[in-house]
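**Student:** kindly return the folded structure for what I paste below:
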Amino acid sequence: MPYDRELADRLRAVLGGWDERHDGADEAEDLGIVDEKPMFGGLGFMVAGHLAVCASSHGGLLVRVDPSDQDALVAADGVEPMRMAGRPSRSWVEVSPDALADDEVLTTWVQRGVAAARIAPRR
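**Tutor:** Residues are numbered from 1 along each chain as shown. Okay, the predicted model is just below:
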């Protein structure tokens, strides 16, 4: 199943509107180039050279998170650890499509993914 194109468009709107919300006044708020890359059957959005969020092939949103926040995040309805080869990830969660109906909620998840991508170790 391909990724949800409507979700991908919503992600583009959130990431594309970032500069408008932060008006470039703070260099730390500058996302730099946001790259889109097909991955895992979905569409990933790279920030600062790291994958931040991904429109999943399951219809939801994959979000990079700080591992210390994951337990609290998965306590919410519609959020669970992402599974890769059957094993739960400590630094990624999957948010169900039902939990993303509100644009404000989507924006919060994207912000969380961007923040985690910025502090990810450089390769």
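**Student:** partner residues bridging the closest residue to residue 109 other than its chain neighbours?
**Tutor:** Distance criterion CB to CB, 6 or more residues apart in numbering; nearest residue to residue 109, sequence neighbours excluded, is residue 63 at 5.2 Å. Every residue, glycine included, has its C-beta placed from N, CA and C. With DSSP bridges as the criterion, residue 63 is bridged to residue 53, residue 93.
**Student:** could you point out which element follows the worst-scoring helix or strand of the chain on mean pLDDT?
**Tutor:** None of the helices or strands of the chain scores lower by mean pLDDT, DSSP states H and E than helix 18-22, at a mean of 50. Going down the chain from helix 18-22, the next helix or strand is strand 35-39, by DSSP states H and E.
**Student:** I'd like the next helix or strand past that next one.
**Tutor:** Following strand 35-39 in sequence, per DSSP H and E, is strand 42-47.
**Student:** could you check the angle that next one makes with strand 35-39?
**Tutor:** 150 degrees (axes from the mean of the first three to the mean of the last three CA atoms, to 10 degrees).
**Student:** where does pLDDT dip in the protein?
**Tutor:** Counting by pLDDT under 70, the chain has low-confidence residues at 1, 18-33, 123.
**Student:** at 80 what do you get?
**Tutor:** 1, 17-33, 40, 48, 121-123 (pLDDT under 80).
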